[in-house]
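**Q** Let me see the structure of the following:
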Amino acid sequence: MSSTQGFVLSGIAQQSLRKSAFGGSEVCRSGRPLGISPKRATGVQMTTTQPPQVDLEKKGPVQVAPVPTKHDLATGRDPARVKIFDTTLRDGEQSPGASLTGEEKLILAKQLAKLGVDIIEAGFPVASVGDFEAVQTIAQTVG
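**A** As a prediction, this is how the structure comes out:
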């Protein structure tokens, strides 16, 4: 579906609603408008509005001249390539019962580096002493 969702509100709720750059209403994941509590969002009616039509043909191709990073220069990689940012070591432990030891994190980090992952988010070091040590070891070993 190519339409965006808008809201019809009244009173205080309408004053609190922020507009996005496309003129549609911004909503949080639950579907209610941002800045409006669940109590005030009752009675919200859903409507659909069409996004603005943009003619990309008239503007022509977008020219991007990527600036090589120090890493690109050191490795000889093309700065225009897609860079991979992996959060497995941090977000992977967000599920209940999922936790990795420092050694397991290091093994995963080494494999991610072998796969060519550009940025590895190794963990949340302020969470615990163990996580701090694991992140430090990964940074020293994998770089």
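**Q** list the contacts for residue 122?
**A** 89, 90, 105, 109, 134, 135, 138, 139 (CB atoms under 8 Å, 6 or more residues apart in numbering). Just so you know, the C-beta spots here come from the backbone N, C-alpha and C atoms, and that holds for glycine as well.
**Q** wait, residue 130
**A** By CB under 8 Å, 6+ apart, the contact list for residue 130 reads residue 102.
**Q** buried ones in stretch 103-120?
**A** 105, 106, 108, 109, 112, 113, 117, 118, 120 (16 or more other CB atoms under 10 Å).
**Q** Distance check, residue 74 against residue 85.
**A** Relative to residue 85, residue 74 is positioned 18 Å away (CB to CB, to the nearest Å).
**Q** what does residue 106 give?
**A** Residue 106 is 19 Å from residue 85, by CB to CB.
**Q** same thing with residue 76?
**A** For residue 76, the distance to residue 85 (CB to CB) stands at 20 Å.
**Q** what ranges do the strands span in this structure?
**A** 4-8, 45-49, 85-86, 119-120 (DSSP state E).
**Q** Return the member of those having the minimum mean pLDDT.
**A** Looking over the strands of the chain, mean pLDDT reaches its minimum on strand 4-8, with a mean of 42.
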